[in-house]
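[1] Kindly return the folded structure for what I paste below:
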Amino acid sequence: MKRIISVVLLSLCLIMPTGCKTVSKDGIDVDVTETLYVSYINDIYTNINSYVGKNIRIEGMFKEEIVGSNSYFYVYRTGPGCCGNDGAMCGFEFTWDGASQLLDNSWIEVVGELETYQENGKTYLNLRASSVTVLTQRGKETVAN
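    Presented below is the predicted three-dimensional model:
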């Protein structure tokens, strides 16, 4: 009986989907969808090595932050922070030649390859965008899961 239960549990583990939807269409490996958005992002940050080099598609708001002489570009949604849904940014930094032309709070779709980089002794994730599209239809700006 224990053996049967073990086989059933192992089978379930093997067929259960992981956090991100894997897509082979259009060269997209991971499609971060609106359903369980925060869970998808958390899985990627938790399992970085499983996602580096993968092509990811994500939608969200655009934000540019200028720190000193450096500009950083983000695609994100507002998600839970340390104390519930207190407005933390949930998404990715991305690089793209035309990013400085985008307007803050524009709704965008970014498709790019996930990579890491080092800055001041810390490792950061970045989507090296192959395309950025400004969309007219917005998704949920605030997400909880």
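
[2] tell me the contacts of the closest residue to Ala99 other than its chain neighbours?
    In this structure, Ala99 finds its nearest non-sequential neighbour in Phe73, 4.2 Å apart by Cβ to Cβ, 6 or more residues apart in numbering. Every C-beta, even on glycine, is put in place using the N, C-alpha and C of the backbone. Phe73 makes contacts with 62-64, 93-96, 99-100, 102, as judged by Cβ atoms under 8 Å, 6 or more residues apart in numbering.

[3] Narrow the residues you listed to just the buried residues.
    Among the contacts of Phe73, those scoring as buried are 62-63, 93-94, 96, 99, 102 (criterion: 16 or more other Cβ atoms under 10 Å).

[4] Doesn't Gly60 lie inside a strand?
    Yes. Assessed with DSSP: H, G, I helix; E, B strand; the rest coil, Gly60 lies in a strand.

[5] Can you get me a residue count around it?
    Gly60 has 28 neighbours, counted by other Cβ atoms under 10 Å.

[6] what do you get for the one 5 residues further on?
    By the criterion of other Cβ under 10 Å, Glu65 has 12 neighbours.

[7] now swap in Thr136 and tell me
    Thr136, neighbours per other Cβ under 10 Å, totals 5.

[8] Could you list which of the contacts of Phe73 belong to strands?
    62-64, 93-95 (DSSP state E).

[9] Out of these, which two sit at the greatest distance?
    Lys63 and Thr95 (14.0 Å; Cβ to Cβ).

[10] Reformat the buried ones among the contacts of Phe73 as TSV; add distance to Leu114 and pLDDT.
    Below are these laid out as TSV (distance: Cβ to Cβ, whole Å; pLDDT from 0 to 100):
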residue	distance to Leu114	pLDDT
Phe62	18	98
Lys63	19	97
Glu93	11	97
Phe94	10	98
Trp96	14	96
Ala99	17	92
Leu102	20	96
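
[11] Go through those residues and say which is closest to Pro80.
    Proximity of the buried ones among the contacts of Phe73 to Pro80 (Cβ to Cβ) peaks at Lys63, which lies at 17.9 Å.

[12] Quick one, grab the pLDDT at the spatially closest residue to that closest one that is not a sequence neighbour.
    Excluding the flanking residues, the one nearest Lys63 by Cβ to Cβ, 6+ apart is Tyr74, at 4.6 Å. As predicted, Tyr74 sits at a pLDDT of 97.
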